[in-house]
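K.L.:
I'll drop the sequence and a predicted model, then ask my questions.
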Amino acid sequence: MSVALSDIVAALGGELLGDPALAMDGIAPLESAEPTHISFLANPRYRSQLASTRSGCVIVAPALRDEAAARGAALVTADPYLYFARLTQWWAARTRAALPAGVHPSAVVEEGAVVDPSARIEALAFVGAGAIVEADAVVGTQSHVGRGARVGAGSRLAPRVVLGERCTVGQRCILHSGVVVGADGFGFAPNQGRWEKIEQLGAVTMGDDVEIGANTCVDRGALGDTVIEDGVKLDNLIQVAHNVHIGAHTAIAGCVAIAGSTRIGRHCTIAGASSLVGHIELADHVHISACTLVTRSVRQPGRYSGSFPFDDNASWEKNAATLRQLHALRERVKALEKKTS
Amino acid sequence: MSVALSDIVAALGGELLGDPALAMDGIAPLESAEPTHISFLANPRYRSQLASTRSGCVIVAPALRDEAAARGAALVTADPYLYFARLTQWWAARTRAALPAGVHPSAVVEEGAVVDPSARIEALAFVGAGAIVEADAVVGTQSHVGRGARVGAGSRLAPRVVLGERCTVGQRCILHSGVVVGADGFGFAPNQGRWEKIEQLGAVTMGDDVEIGANTCVDRGALGDTVIEDGVKLDNLIQVAHNVHIGAHTAIAGCVAIAGSTRIGRHCTIAGASSLVGHIELADHVHISACTLVTRSVRQPGRYSGSFPFDDNASWEKNAATLRQLHALRERVKALEKKTS
Amino acid sequence: MSVALSDIVAALGGELLGDPALAMDGIAPLESAEPTHISFLANPRYRSQLASTRSGCVIVAPALRDEAAARGAALVTADPYLYFARLTQWWAARTRAALPAGVHPSAVVEEGAVVDPSARIEALAFVGAGAIVEADAVVGTQSHVGRGARVGAGSRLAPRVVLGERCTVGQRCILHSGVVVGADGFGFAPNQGRWEKIEQLGAVTMGDDVEIGANTCVDRGALGDTVIEDGVKLDNLIQVAHNVHIGAHTAIAGCVAIAGSTRIGRHCTIAGASSLVGHIELADHVHISACTLVTRSVRQPGRYSGSFPFDDNASWEKNAATLRQLHALRERVKALEKKTS
């Protein structure tokens, strides 16, 4: 399925340098692109690849206009990475099969569920009584929409998603396979050496344009709701405990664990494999590095880190062993300071 | 669905101060409660909220009886948190729809499976040959009960759970969505640079009153069984490897990884994102802090920790860089000590 | 189902010492074996168990021939652990029910899917248009094979697996329950405080003899493919981000997180709960210890580590507090050195 450069510019804008009729049949990174591929150069660090790439057309910023034009076709735009993102969206829309609306005969839709005629309920899916599936929404094969839950207009549940009872998803959200929204939060009262279950009576509320990665879990609130605001992006295998609140446009990478009732601000980023203890707050615009355990509230925007530096095993062993005597070492330094003062 | 305070006391006990006819329509935390909500005060730290809450009735310990009564209705009980837990259970039982027993027509129950007439097999579920589903048990929509598996009386598999072949679940257990019990343990013998599979011939045995969180995995044993004793509570996204043994009434928070053949005692707690290497033992009443890697057996009860302290990125960078020369630093201190002695 | 020792030797080779007619009905570890169990001794560390075990027959290396024979039947072989692995395979093949080929009536196979007559599509499974399921392959109950995907000959998808559109699985692979192959990679372009989705146009390509553990995720590539080479073994709850490349015969333990575009060599091992940042490379034969964050490329084979040593909480608190002043401590040592020089 090839496309002329002029078609791309017509759809997405930008200034085209080169032959508008040039046909492209794919998008590829600079280093592996063929002459029928379109590529982008967003990071000036990779500028040297401009000379060597075989790409048929490169998306560049104005500063690289002449350099790019000298080697072949180019698309000039203020933000090449954003342009690339939109190009992928346009490309996906062109190449994806348009699937019909309606309820697959193998799906189970309980009486009292409301499914918009423009929505699609795929094979072997379940939609419970009282659930609402709005216009143009998709409930993927083998997915589960619990009783009283709501899937907003244009949202898409991939195959094998669970949206629990009374949980709500806004508009244009994407929930990937294996996502579990609305399992019980982890709440128990100790009772003579046993654990007494605290029934989780809340739900999960999700804004618009949220995306949730594969096998990520968002637990329902104990009393109130767990809240995911607009535009939040969660990667795979993340744990969001009960009553967590994630502010709008925050992005969280894979394997992050967020304990109960913690409140994350807007426009934050949390890198992979980090953890946040419960009942703390992160201000807006806080950025957490990979593999960091956040143990107290962070009131100031900025970057925070806390990972152990890795090393060859022998070096690590020596340093780690010494670390266990670090406090004693400080006392020895103190003693030396006293002695020499 | 509102309820009189007298109904609560009739069901759960406690001493009621105030109007028994007062109607409550929800349970809420002190800080967000409305006059039709019942709240609890378990932690003396939050005592000051008693003055400001709008809650209609507060569950308190005897020590706070007068203070609570001075502001409105109160329920006095020895353990307010436990009372609250029981209240949530009572509330959930009142408000949850009673669903009918029986096998949904879209479910697949193989010949030779034994399903108690009081059990419920929900839509699109699968129950294999030789499996047993006991009285009042629920197999949720799109869940899978493998051949020869057993779901004990009153246990509930949420939607989209896998209980593998020959694995057994005790009574009154809850397995949340996405749980996988009985996948193969990770066992391979090296063979000239390749890995030869060790078939996992054991199963998983689970006691009574176990709860397992969303997307948690409990692998089957290699030869013997992986064992989860009575009353164990596992949060979401936990990995329990083959032949692990978890003692009764131990609670483990989200994203914990437990390697093969490790044995955890009774009444332990393991905080989120911690890991245990394989083939070690934890005594009873051991408590592991968040994000700790436990690398050897722990024979004494108590609390154990091992996370890197997080900091603003600049401070972390300086300390982490120095950490890599920690052993050398100790040698320098030694040299100084020699010099000044 | 018991078996004579002669049957085992006939199938798997090795030298039998003792009565060939001796009947075995199980495989068990030395310490718990009964007289009708066969056991193995691979690690010389456990040699002392040879005297005490009740096992009916022990698989040993030639060096232990006399010692083993002195106590009962023995199977002598160059590599007892490998022999044990093959014995488990043989045992499993003997005892597992042979299930019929064909498409279960409750499964949904779209028009245009190609299913080999020797393959088995289990209950409530879905196979999309254009997908190919090759000879002797199994698509487990409630599993999903996306449109245009391919399941190679002899491969097995356990119950409730998702293999996304256009993703391919080689021959003799095993994907355990809850696995999600081919969800979207986590890619977004920032746009005035919001995140613009980068559609993930690539797929996942998997070689032969790959095994993937429960609830592990392998995301599809952004432009090119995410690649898992032959013989790779992934444990449970692992995150493999878009465009990662894992070299042949590498084994990765549970809860590991691998960020985007990272390239892992062949014959590597990564222990549990470790993380790799994106866009780095690991050479062949690199071994990463548990709970290590790998933050830069590793060019040399060897073992690398980076976990915080755990301790009783009081000791940890003192050392961790000092760690936050580590850089200052070094400056103090420097000052002392100057003073005393």
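P.N.:
Happy to help now that I have it. Residues are numbered from 1 along each chain as shown, chains lettered A, B, ... in the order given.

K.L.:
so for the closest residue to A:His37 other than its chain neighbours, what's the pLDDT?
P.N.:
Distances taken as C-beta to C-beta, 6 or more residues apart in numbering or on different chains place A:Ala28 nearest to A:His37, at 3.9 Å, with adjacent residues excluded. (Glycine included, C-beta is placed from N, CA and C.) Listed pLDDT for A:Ala28 reads 96.

K.L.:
okay, A:Ala28 and C:Ser55: tell me how far apart.
P.N.:
Shown here: A:Ala28 relative to C:Ser55, a distance of 59 Å by C-beta to C-beta, to the nearest Å.

K.L.:
repeat that for A:Leu87.
P.N.:
65 Å.

K.L.:
swap in A:Glu196?
P.N.:
Taken as C-beta to C-beta, the span from A:Glu196 to C:Ser55 is 44 Å.

K.L.:
the two: who's more crowded?
P.N.:
C:Ser55 (30 against 19; other C-beta atoms under 10 Å in any protein chain shown).

K.L.:
quick one: contacts for the more buried one?
P.N.:
C:28, C:30, C:33-35, C:37-39, C:72 (C-beta atoms under 8 Å, 6 or more residues apart in numbering or on different chains).

K.L.:
can you flag which of those belong to strands?
P.N.:
C:37-39 (DSSP state E).

K.L.:
highest neighbour count among these?
P.N.:
C:Ser39 (28 neighbours).

K.L.:
now that one: how far from C:Ala63?
P.N.:
17 Å.

K.L.:
look up the residues forming beta bridges with A:Ile228.
P.N.:
Each beta-bridge partner of A:Ile228 is listed here: A:Met206, A:Ile246, as defined by DSSP bridges.

K.L.:
for it, give its distance to chain C.
P.N.:
A:Ile228 sits 14 Å away from chain C when distances are taken as C-beta to the nearest C-beta, to the nearest Å.

K.L.:
pull the number of nearby residues for that residue.
P.N.:
27.

K.L.:
does it touch A:Ile246 like I think?
P.N.:
Yes - using C-beta atoms under 8 Å, A:Ile228 is in contact with A:Ile246, at 5.1 Å.

K.L.:
give me the common contacts of the two.
P.N.:
Joint contacts of A:Ile228 and A:Ile246 (C-beta under 8 Å, 6+ apart) are A:234, A:240.

K.L.:
CA-only coordinates of stretch A:139-153 in CSV, if you can.
P.N.:
What follows is stretch A:139-153, C-alpha atoms only, in CSV (Å, rounded to 0.1, in the frame of the first residue of the first chain):
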residue,chain,number,x,y,z
VAL,A,139,-15.2,-4.2,23.5
GLY,A,140,-12.5,-6.7,22.3
THR,A,141,-12.8,-10.4,22.0
GLN,A,142,-13.1,-12.2,25.3
SER,A,143,-13.2,-8.9,27.2
HIS,A,144,-15.4,-8.3,30.1
VAL,A,145,-17.5,-5.2,30.9
GLY,A,146,-18.9,-5.6,34.4
ARG,A,147,-22.4,-4.7,35.5
GLY,A,148,-23.0,-1.0,35.7
ALA,A,149,-19.7,-0.2,34.0
ARG,A,150,-19.3,2.4,31.3
VAL,A,151,-17.1,2.5,28.2
GLY,A,152,-17.0,6.0,26.8
ALA,A,153,-17.4,7.0,23.2
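
K.L.:
that one near chain B at all?
P.N.:
Yes - part of stretch A:139-153 sits near chain B under the criterion C-beta under 8 Å from any C-beta of the partner chain, namely A:142, A:144, A:146-147.

K.L.:
what about that stretch, distance to the chain center?
P.N.:
In terms of C-alpha atoms, centre = their mean, to the nearest Å, the gap separating the centre of stretch A:139-153 from the centre of its chain is 20 Å.

K.L.:
for stretch A:255-271, same thing?
P.N.:
With C-alpha atoms, centre = their mean, you get 12 Å for stretch A:255-271.

K.L.:
now swap in stretch A:200-211 and tell me
P.N.:
Using C-alpha atoms, centre = their mean, the offset of stretch A:200-211 from its chain centre is 15 Å.

K.L.:
any idea of the mean pLDDT in that stretch?
P.N.:
pLDDT averaged over stretch A:200-211 gives 98.

K.L.:
so what would you say the end-to-end distance of that stretch is?
P.N.:
One end of stretch A:200-211 to the other measures 24 Å (C-alpha to C-alpha, to the nearest Å).

K.L.:
ok, back up a step: could you export the ones in strands among the contacts of C:Ser55 to TSV, including columns for pLDDT?
P.N.:
Below are those laid out as TSV (pLDDT from 0 to 100):
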residue	pLDDT
C:His37	97
C:Ile38	97
C:Ser39	97
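
K.L.:
from these, pick the one nearest chain A.
P.N.:
Of all the ones in strands among the contacts of C:Ser55, C:Ser39 has the smallest distance to chain A: 32.8 Å, by C-beta to the nearest C-beta.

K.L.:
which one is the closest one nearest to, not counting chain neighbours?
P.N.:
Closest to C:Ser39 by C-beta to C-beta, 6+ apart is C:Ser55, at 3.9 Å.

K.L.:
please apply the same query to A:Leu16.
P.N.:
Per C-beta to C-beta, 6+ apart, closest to A:Leu16 is A:Val9, 4.8 Å.

K.L.:
from A:Gly193, how far out is that neighbour?
P.N.:
Counting by C-beta to C-beta, the gap from A:Val9 to A:Gly193 is 70 Å.

K.L.:
which one's more surrounded, those two?
P.N.:
A:Val9 (15 against 11).

K.L.:
surely the more buried one meets A:Pro20?
P.N.:
Yes - with contact defined as C-beta under 8 Å, A:Val9 counts as touching A:Pro20 (7.3 Å).

K.L.:
state whether A:Ala85 is indeed within a helix.
P.N.:
Yes - judged by DSSP: H, G, I helix; E, B strand; the rest coil, A:Ala85 forms part of a helix.

K.L.:
surely A:Ser67 meets A:Thr53?
P.N.:
Rather than Ser, residue A:67 is Glu. No - using C-beta under 8 Å, A:Glu67 makes no contact with A:Thr53, being 11.8 Å away.

K.L.:
now do whatever residue of chain A ends up closest to chain B: how many residues are near it, please.
P.N.:
Distances from chain A to chain B, computed as C-beta to the nearest C-beta, single out A:Gly306 as the nearest residue at 2.9 Å. Applying other C-beta under 10 Å, we find 27 residues neighbouring A:Gly306.

K.L.:
correct me if wrong: it contacts B:Phe308.
P.N.:
Yes - under the criterion of C-beta under 8 Å, A:Gly306 makes contact with B:Phe308 at 4.8 Å.

K.L.:
overlap in contacts of the two?
P.N.:
Common neighbours of A:Gly306 and B:Phe308 (criterion: C-beta under 8 Å, 6+ apart): A:292-293.

K.L.:
tell me the SS of the spatially closest residue to A:Asn191 that is not a sequence neighbour?
P.N.:
Nearest non-adjacent residue to A:Asn191, counting by C-beta to C-beta, 6+ apart: B:Leu82, 5.3 Å away. Under three-state DSSP, the three-state class of B:Leu82 is helix.

K.L.:
so who does A:His279 touch?
P.N.:
A:259-262.

K.L.:
tell me the confidence at it?
P.N.:
For A:His279, the predicted pLDDT is 97.

K.L.:
over to A:Val103?
P.N.:
Model confidence at A:Val103, expressed as pLDDT, equals 98.

K.L.:
so what pLDDT did the nearest residue to it once chain neighbours are set aside get?
P.N.:
Using C-beta to C-beta, 6+ apart and skipping residues adjacent in sequence, the residue nearest A:Val103 is A:Ile121, 4.3 Å away. Listed pLDDT for A:Ile121 reads 98.

K.L.:
list the residues that contact A:Ile121.
P.N.:
A:102-104, A:107, A:109, A:115, A:127, A:133, A:139.

K.L.:
low-confidence ranges, the stretch 101-250 of chain A, go.
P.N.:
Within the stretch 101-250 of chain A, no stretch falls below the threshold (pLDDT under 70).

K.L.:
spell out which parts of it neighbour chain C.
P.N.:
A:104, A:106, A:123-124, A:141-142, A:158-160, A:174, A:176-178, A:209, A:211, A:213-215, A:231, A:233, A:235-237, A:249.
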